[in-house]
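> Provided below are the primary sequence and the corresponding predicted coordinates.
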Amino acid sequence: MTPLILVLTLFLVKRDRNNTVTVLIPCKESEKQGLATFLPEFGDAQPVRAVTAADLRPTAQKHQEAVNEMRNYEREQMIAVTALLKELQSRDRLAVTGARERLRHAMELKRRADAKSGAVPARDSEFERYLISVFGLRPGQEEEALARWYGYGHGPKAEKDEKWLLSQLISEALRPVQVVLWWTGREFKPALYCPEVKLALYAALLMRVAGGGRWGVCPKCGEFFEQKRLNQNYCSIAHREAHRVARWRATKKSKLSKGGRKGGRNGARKTR
């Protein structure tokens, strides 16, 4: 069973009394709600506590810690993925396009960061031939194979279909998160254990949006905001109106462009 299926099964079937998945993070002794009974015993037991809704507020200390832990490309990708998850439900094509652009920017930032740190080794023709066979590509497509291997690009299905793309991105993001059985001291609880705070923010935020929760990404500014009501899609009225105008202009431009391609007298008039 894949990590994504495990997470969704836990999310849909095994919830706690507050109707949310318990997300655990390492913490200080003074904050602990229990111990990481599920980890190997290499030393003293690790104190853990559950992530709360208050931790996710942009002004919260844990939220700031999570953002500070992220590299630039990680933050850009998290915002893009959350926007895709939200906007696919509303079928807002302009917002989906914006999310894809932000994701491409995140991958380019990752490419630059890897180049600067030397994380990508020198070219190896034998390894490249192996990657071509793995991805089902042809000789001459070595660059595409390397880009997909190092996370700078995606396959043709993900490039064409946002649902494929979203499924792949969420699965990859949740890979370091463990589904665990936690002994609280009074009872067993299924939980998601995030060894880093940034993973907890990612897991909790994405599950809240997927479950119709109180968090979203504004299609206009691309920032997280807390919803005052379930159908609130923008962080402010001003951004809602600005996005509405941008969407109207994009639709009008598309129609004018199609009219212009028809040629003739009417087509020329429409493209002025």
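Nice, I can see it. Just so it is clear, the structure is predicted and the values come from calculations on it, not from any experiment. Numbering: from 1, shown residues only.
> burial check on Thr22, number of neighbours?
Thr22 has 21 neighbouring residues, counting by other Cβ atoms under 10 Å. Where C-beta positions appear, they are placed from N, C-alpha and C, glycine not excepted.
> over to Ala203?
Using other Cβ under 10 Å, Ala203 has 24 neighbouring residues.
> who's in contact with it?
Listed by Cβ atoms under 8 Å, 6 or more residues apart in numbering, the contact partners of Ala203 are Val7, Val23, Leu174, Val177, Leu192, Cys194.
> of all these, the one with the weakest confidence?
Lowest-confidence member of the contacts of Ala203: Val7, scoring 51 (pLDDT).
> one step back: let me have the contacts of Ala203 in TSV, extended by neighbour count and secondary structure.
Shown next, in TSV, are the contacts of Ala203 (neighbours: other Cβ atoms under 10 Å; DSSP: H, G, I helix; E, B strand; the rest coil):
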residue	neighbour count	secondary structure
Val7	21	helix
Val23	23	strand
Leu174	23	coil
Val177	21	coil
Leu192	25	strand
Cys194	24	coil
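> ok, those residues vs Arg249, which is closest?
Closest approach between the contacts of Ala203 and Arg249, by Cβ to Cβ: Leu174, at 37.0 Å.
> what about that closest one, distance to Thr82?
Distance, Leu174 to Thr82, using Cβ to Cβ, to the nearest Å: 13 Å.
> what of Arg112?
23 Å.
> so Asn201, which state does it fall into?
That one is not Asn; residue 201 is Leu. Three-state call for Leu201 (DSSP: H, G, I helix; E, B strand; the rest coil): helix.
> run a quick neighbour tally on it.
If you count neighbours by other Cβ under 10 Å, Leu201 ends up with 26.
> how far away is the closest residue to it other than its chain neighbours from Arg57?
Here the nearest residue to Leu201 in space, its sequence neighbours aside, is Ala66; by Cβ to Cβ, 6 or more residues apart in numbering that works out to 3.9 Å. Separation of Ala66 from Arg57 (Cβ to Cβ) stands at 11 Å.
> more crowded one of these two?
The residue with more neighbours, out of Ala66 and Arg57, is Ala66; 26 against 15, by other Cβ under 10 Å.
> give me the residue at the spatial middle of this protein.
Among the residues of the chain, the one closest to the centroid is Val81, at 3.2 Å (Cα atoms, centre = their mean).
> surely that one and Leu169 touch.
Yes. Taking contacts as Cβ atoms under 8 Å, Val81 lies within contact range of Leu169: 4.9 Å.
> which neighbours do the two have in common?
Leu103.
> in what helix or strand does the residue nearest to Leu201 lie?
Taking DSSP states H and E as the criterion, Ala66 maps to helix 61-69.
> which elements pack onto that helix?
For helix 61-69, the elements it packs on are helix 197-210, judged by 3 or more Cβ pairs under 8 Å, 6 or more residues apart in numbering; DSSP states H and E.
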